[in-house]
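Q: pasting a predicted model and its sequence here:
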Amino acid sequence: MSEVVALWVYLSATPLFGLTATLSVYVLAHALYLRSGQAAWANPVLWSVVTLAGLLLATGTSYPGYFSGAQFIHFLLGPAVVALGWPLWQRRTEVRQRWGRLLLAALLGGGAASGSALALSWALDLPQEVLLSMAPKSVTAPVAMGIAEKIGGIPALSAVFAMLTGLIGALSAKALFTLLRLPYTPSGWAARGFALGTASHGIGAARALQVNPDAGAYAGLALGLQVVLAALLLPLFFR
């Protein structure tokens, strides 16, 4: 027992705490996810966030102290996003054939995502800064923060909205697609993935990739399109 306490004291005082805690919690959450038959409610990202937040609160660890170790994992997000392009490259012929419809779907989907957020904020009479922070909620968090800063929103709040949007999309997608009766065919999986990547960015794309390779490829494409379109169009719209 004394060895465990000594190890805890050592880890909590070094950047290794954030790295060790993140890896350990995610491995356990992913094991639960697999044991549940990959049920949506057992999404490992969701339970990792909840567990780590509780751990930081219980131990009194500041977020900067935690992130000093977790930044090594954060760095790998870049290569991970680039890796989403490989399944898409394998399907480049069909993507070329559908590029017009895909671009139109991305424009309509992104417009619906931002428009619904703005309409909800307006209906609830939320402050202007909160309204502007919600506009890029369906874009991956780093880009959403940059857009929020450009249009007068709060970058940190926009990152929270983006994360919540991704988690809600990953948790509810299966039930919604079942209600819509999307077929379990290559075109059906492509539609599921593209919709999930459009609405729920990286977290949705990761979920789609776990379920089906076609869904994962088109989710990655939708994620990239939303990043480009939102970064170009949202600042122009609010200007």
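A: Sure, I can see it.

Q: now do the contacts for the residue most central in space within the chain.
A: Nearest residue to the geometric centre of the chain (C-alpha atoms, centre = their mean): Ile203, 3.0 Å. Contact analysis of Ile203 by C-beta atoms under 8 Å, 6 or more residues apart in numbering lists 45, 163, 166-167, 169-170. Bear in mind the C-beta positions are built from the backbone N, C-alpha and C, glycine included.

Q: of the residues you listed - the most surrounded one?
A: Most neighbours among the contacts of Ile203, by other C-beta atoms under 10 Å: Gly166, with 27 neighbours.

Q: does that residue touch Ser200 like I think?
A: Yes. Gly166 is in contact with Ser200 according to C-beta atoms under 8 Å; the separation is 4.6 Å.

Q: how much space between Ala40 and Thr178?
A: Using C-beta to C-beta, to the nearest Å, one gets 11 Å for the distance from Ala40 to Thr178.

Q: then Ala230?
A: Distance, Ala230 to Thr178, by C-beta to C-beta: 28 Å.

Q: could you list the domains of this protein?
A: 2-75, 82-238 (automatic domain parsing).

Q: those: lowest mean pLDDT?
A: Of all these, the minimum mean pLDDT falls on domain 2-75 (a mean of 77).

Q: re the thing from before, and the domains of the chain, which is most packed in?
A: Highest mean neighbour count of these: domain 82-238, a mean of 19 (counted as mean count of other C-beta atoms under 10 Å).

Q: ok, Ala215 - contacts?
A: Residues in contact with Ala215 (C-beta under 8 Å, 6+ apart) are 189-190, 192-193, 196, 208-209.

Q: how about those residues, which pair is most distant?
A: Maximum pairwise distance in those, criterion C-beta to C-beta, is 13.0 Å, between Ala190 and Leu209.

Q: helices of the chain, start to end?
A: If you assign secondary structure with DSSP state H, the helices in the chain sit at 2-12, 16-35, 44-59, 63-75, 77-83, 85-90, 92-97, 99-123, 128-134, 141-151, 155-180, 186-211, 213-238.

Q: which strands and helices sit next to the third one?
A: The reference is to helix 44-59. Applying 3 or more C-beta pairs under 8 Å, 6 or more residues apart in numbering; DSSP states H and E, one finds that helix 44-59 makes contact with helix 16-35, helix 63-75, helix 155-180.

Q: out of these, nearest to Trp86?
A: For the helices and strands packed on helix 44-59, the distance to Trp86 is smallest for helix 63-75, at 19.5 Å, taking C-beta to C-beta.

Q: how about the CA coordinates for that closest one, as PDB?
A: What follows is helix 63-75, C-alpha atoms only, in PDB (Å, rounded to 0.1, in the frame of the first residue of the first chain):
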ATOM      1  CA  TYR A  63      -6.200  21.800 -15.600                       C
ATOM      2  CA  PRO A  64      -2.900  23.400 -16.700                       C
ATOM      3  CA  GLY A  65      -1.100  20.900 -14.400                       C
ATOM      4  CA  TYR A  66      -3.000  18.000 -16.000                       C
ATOM      5  CA  PHE A  67      -2.500  19.300 -19.500                       C
ATOM      6  CA  SER A  68       1.200  19.600 -19.100                       C
ATOM      7  CA  GLY A  69       1.300  15.800 -19.400                       C
ATOM      8  CA  ALA A  70      -1.800  15.200 -21.600                       C
ATOM      9  CA  GLN A  71      -0.400  17.500 -24.300                       C
ATOM     10  CA  PHE A  72       1.600  14.600 -25.600                       C
ATOM     11  CA  ILE A  73      -1.700  12.900 -26.600                       C
ATOM     12  CA  HIS A  74      -3.100  16.200 -27.800                       C
ATOM     13  CA  PHE A  75      -0.200  16.500 -30.200                       C
END
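
Q: who's in contact with that helix?
A: 14-23, 52, 56.
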